[in-house]
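Enquirer: Requesting a structural model of the entry that follows:
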Amino acid sequence: MFRRDLAVPHNTINRLLDRLDAAKNAFGPDEGPHPGAILAQLAGQNFKDPDSLVRFHEALLFLRAYPQSPKILRQTERMLSSFRNRVDALREVGADISPLKVPEQSGIMGMSVTDTFSYNIVGWLLKRHPTQLVFDWDWFEDENRLAATWPRFMPLLEEDAFVEANVPYRKWLHSARGRQGRDVQWLIQRFESLSLSEKEKAELYDSLKLYVRWTPSYRATRTGMKLPVRDIFYHRRPLIQRRDISLLAELQGPSPLPKRISASQGAAILDMARETSTVRYRELYGFTHGDPTRVLRASPGRGADIFVMGVPPERRLPLRAYHAAMIFKNGVPVGYFEGLSLFERMESGFNFYYSFREGETAWIYARSLSLFHHLLGVTAFSIDPYQIGYENEEGIESGAFWFYRKLGFRPARPNLLKHTLEEEKKIARRLSYRTPARVLRQLAAGSMIFEMAQTKTGDWDRFQVRNLGLAVQRRMAADFRGDAASIRRDSLGTVSRVLGIRTRDWSESELHALNDLALVLALLPDLDRWNEGEKERLLRIIRAKASVEEARYLSLLQKHPRLRAEVIKLGSQA
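Expert: Just a heads-up that it's a prediction; the model follows:
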């Protein structure tokens, strides 16, 4: 345990941290000082500088995910478990602890996170951590929003809110709540009691932009969050680097068969996925709305576990199949994956948390793609411009463009591919050359893609799902005077007639899928001239969108070449 009265020069701690940063990636007896010895020296130090304390925290997390020995694992867990004492020590000396609050560092034990969390996340937090939430009124910006909503919960509030200035909304809330729980709990219960759909309740609550402060317990912080793991993988040899990875070989090779876990285990994984996202000021659709009864676990080796989850039929996207994954290393959450699939194409979003980006990022990413390739049959992987740095300075600073390029991805736009080839020539001629940030921003202006099936190279280059939606909007404006209900009725009627659909035995989810897909199918100019086999397969695709597993929907899409060609053509027209 560190001693709070131990005076240690600031530069001494930083020298030790520099040595620890070097040692955590060093392996073998001839590769420098052992991290265990440096950890022992740092254990007793009194950190009075928040930036140094953050560096120490992140190094400990890395070593917890990539331990070199059982001894180092025990050291890191012991130091992490007492980390709140270090944060409290900073407070006691009046240090500025704001560096511990920024999104890149948030979630450290002893700190809170404050944000306008969504209705779904606040409701989940209340069930999971009911005593750890409070409204943070210091952050609240616009009380006028409350006047439009709170009167439905508080009789006669209109008398005050509609005509008076400086309405004491907190006093109204406390008076209405009385002794019935906490402010957050009482208000969420009022929303839950409304005779509205869950979507409408969420829209109404989210419009208020109420700031909620969550002070998580140790197990829900970045400091202490981990799965129980029976077999730890100890890293006694150098980590796998990006240059060691052939993405095509990984995709074409075998992938571990994912196994479904129990509903209770699935719920626990989703809880952890939500916690690890929330403390980082993130929210992923598949974690918020994930289906705990259908969570799959794959273990590709080296202490990695990938948990894949979909969403229930009522939460499905209109066109694309949705899957998310939470990635663990030796039980520590290190990143997440999001896949949006249509036919054989998957738009993949991948985020490796800051603390672990010096680890085996490329290998884990390749294993994730391989898993989805084998699970869903997808063979083309697209990267959104934001992921590689478009209007995303984090992506520029991390060099995301070159991470994907060196794995084999290519820019989908010809002008950006030409620019990329020119940059690669500069790099080849001058070993010291580094692509300037302004050039990286130019290269990030378009999507990137990796295709396994070379015969289909370029098919998806200009495609965007957004183009399908915009085509529907243009038809709605031109033919239905901008009325959404009218275009839905017409599209449903047209497609039902052409396909000979009788919906008497269709489930509610199947009808919902038909209503959405009909909007796009009604755009196809020759649908009525398709042969009976093509129409029958299309009918099966529509019903499969609401099936137990969206993998079936994708499988059927991949077997309908005519529909694929029509959708690509329509979605490639801006």
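
Enquirer: Could you use CA atoms for every contact and neighbour count after this?
Expert: Noted.

Enquirer: and Pro228, backbone torsions?
Expert: phi -70, psi 130 (degrees, to the nearest 10).

Enquirer: Grab the nearest non-local neighbour of it.
Expert: Spatial nearest neighbour of Pro228, chain neighbours left out: Gly331 (6.2 Å); criterion: Cα to Cα, 6 or more residues apart in numbering.

Enquirer: cool, and Asp96?
Expert: Nearest residue to Asp96, sequence neighbours excluded (Cα to Cα, 6+ apart): Pro50, at 7.2 Å.

Enquirer: residue contacts, the residue nearest to Pro228?
Expert: Residues counted as contacts of Gly331 (Cα atoms under 8 Å, 6 or more residues apart in numbering) are 65, 226-229, 303-305.

Enquirer: before we move on, could you check phi and psi at Arg55?
Expert: Here Arg55 shows phi and psi, under degrees, to the nearest 10, equal to phi -60, psi -40.

Enquirer: Tell me where the stretch 101-250 of the chain has helices.
Expert: 119-128, 144-147, 157-161, 169-177, 183-192, 198-206, 247-252 (DSSP state H, counting those that start in this stretch).

Enquirer: So which residues make contact with the second one?
Expert: Counting contacts by Cα under 8 Å, 6+ apart, the residues outside helix 144-147 that touch it are 158, 161-162, 169, 207-208.

Enquirer: Please list only the buried members of these.
Expert: With burial judged by 16 or more other Cα atoms under 10 Å, the buried subset of the contacts of helix 144-147 is 161, 169, 208.

Enquirer: Am I right that Tyr218 is in contact with Glu275?
Expert: No: in this structure, Tyr218 is not within contact of Glu275 by Cα atoms under 8 Å, at 11.5 Å.

Enquirer: who's more crowded, those two?
Expert: Glu275 (25 against 19; other Cα atoms under 10 Å).

Enquirer: Quick check: chain neighbours aside, which residue is closest to that one?
Expert: Glu275 sits nearest to Ala220 (Cα to Cα, 6+ apart), 6.0 Å away.

Enquirer: Leu407 too?
Expert: Leu247 (6.0 Å).

Enquirer: Equivalent analysis for Val229, please.
Expert: Per Cα to Cα, 6+ apart, closest to Val229 is Gly331, 5.8 Å.

Enquirer: got the phi/psi numbers for the residue nearest to Asp96?
Expert: According to degrees, to the nearest 10, Pro50 has phi -60, psi -40.

Enquirer: before we move on, what about Lys259?
Expert: Backbone geometry at Lys259, expressed as degrees, to the nearest 10, gives phi -120, psi 140.

Enquirer: which strands and helices sit next to the strand with the most length in the chain?
Expert: The residue-count maximum for a strand in the chain (DSSP state E) belongs to strand 332-342. Here strand 332-342 touches strand 321-329, strand 345-352, helix 550-557, going by 3 or more Cα pairs under 8 Å, 6 or more residues apart in numbering; DSSP states H and E.

Enquirer: Could you dump these into CSV and include mean neighbour count, distance to Arg152 and mean pLDDT?
Expert: CSV is the format used below for the helices and strands packed on strand 332-342 (neighbours: other Cα atoms under 10 Å; distance: least, Cα to Cα, whole Å; pLDDT from 0 to 100):
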stretch, mean neighbour count, distance to Arg152, mean pLDDT
strand 321-329, 24, 36, 98
strand 345-352, 20, 40, 96
helix 550-557, 20, 40, 97
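
Enquirer: Please produce JSON lines containing the ones you listed, extended by distance to Asn144.
Expert: Shown next, in JSON lines, are the helices and strands packed on strand 332-342 (distance: least, Cα to Cα, whole Å):
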{"stretch": "strand 321-329", "distance to Asn144": "37"}
{"stretch": "strand 345-352", "distance to Asn144": "37"}
{"stretch": "helix 550-557", "distance to Asn144": "43"}
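
Enquirer: Ala437: which of those is closest?
Expert: Among these, the nearest to Ala437 by Cα to Cα is strand 345-352 (20.3 Å).

Enquirer: Could you report the neighbour count for Leu379?
Expert: Careful, residue 379 is Thr; it's not Leu. If we define neighbours as other Cα under 10 Å, then Thr379 has 21 of them.

Enquirer: An error on my part: the question was meant for Val520.
Expert: 18.

Enquirer: Next secondary structure after the helix or strand harbouring it?
Expert: Assessed by DSSP states H and E, Val520 sits inside helix 508-521. Using DSSP H and E, the helix or strand that follows helix 508-521 in sequence is helix 532-544.

Enquirer: Taking helix 550-557 as reference, get the angle to that next one.
Expert: 160 degrees (axes from the mean of the first three to the mean of the last three Cα atoms, to 10 degrees).

Enquirer: which residues sit against helix 532-544?
Expert: Outside helix 532-544, the residues within contact range by Cα under 8 Å, 6+ apart are 499, 501, 510, 513-514, 517, 550, 552-553, 556-557, 560, 562-563.

Enquirer: buried stuff in that helix?
Expert: Buried-residue list, helix 532-544, by 16+ other Cα under 10 Å: 534-535, 538-539, 541-544.

Enquirer: Would you mind measuring from the residue nearest to Leu407 to Phe450?
Expert: 9 Å (Cα to Cα, to the nearest Å).

Enquirer: shared neighbours of the two, which are they?
Expert: Counting by Cα under 8 Å, 6+ apart, the residues touching both Leu247 and Phe450 are Gly408.

Enquirer: Against Asp21, how distant is Ala273?
Expert: Taking Cα to Cα as the criterion, Ala273 is separated from Asp21 by 28 Å.

Enquirer: what's the answer for Pro313, then?
Expert: 46 Å.

Enquirer: Please name the residues that touch Leu378.
Expert: If you look again at residue 378, you'll see it is Val, not Leu. 341, 343-346, 372.

Enquirer: Show the pLDDT at it.
Expert: Looking at Val378, its pLDDT stands at 97.

Enquirer: just use 13 as the starting number from now, easier for me
Expert: Noted, 13 is the first residue going forward, which turns the last one into Val390.

Enquirer: what helix or strand does it sit in?
Expert: Val390 belongs to no helix or strand when assigned by DSSP H and E.

Enquirer: same thing with the one 3 residues further on?
Expert: In the assignment (DSSP H and E), Phe393 maps to strand 392-395.

Enquirer: Can you tell me the strand partners of that strand and which way each runs?
Expert: strand 357-364 (parallel), strand 460-463 (antiparallel) (DSSP bridges).

Enquirer: what would the ones you listed look like in CSV with distance to Arg453?
Expert: Compiled in CSV, the strands paired with strand 392-395 are given as follows (distance: least, Cα to Cα, whole Å):
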stretch, distance to Arg453
strand 357-364, 18
strand 460-463, 14
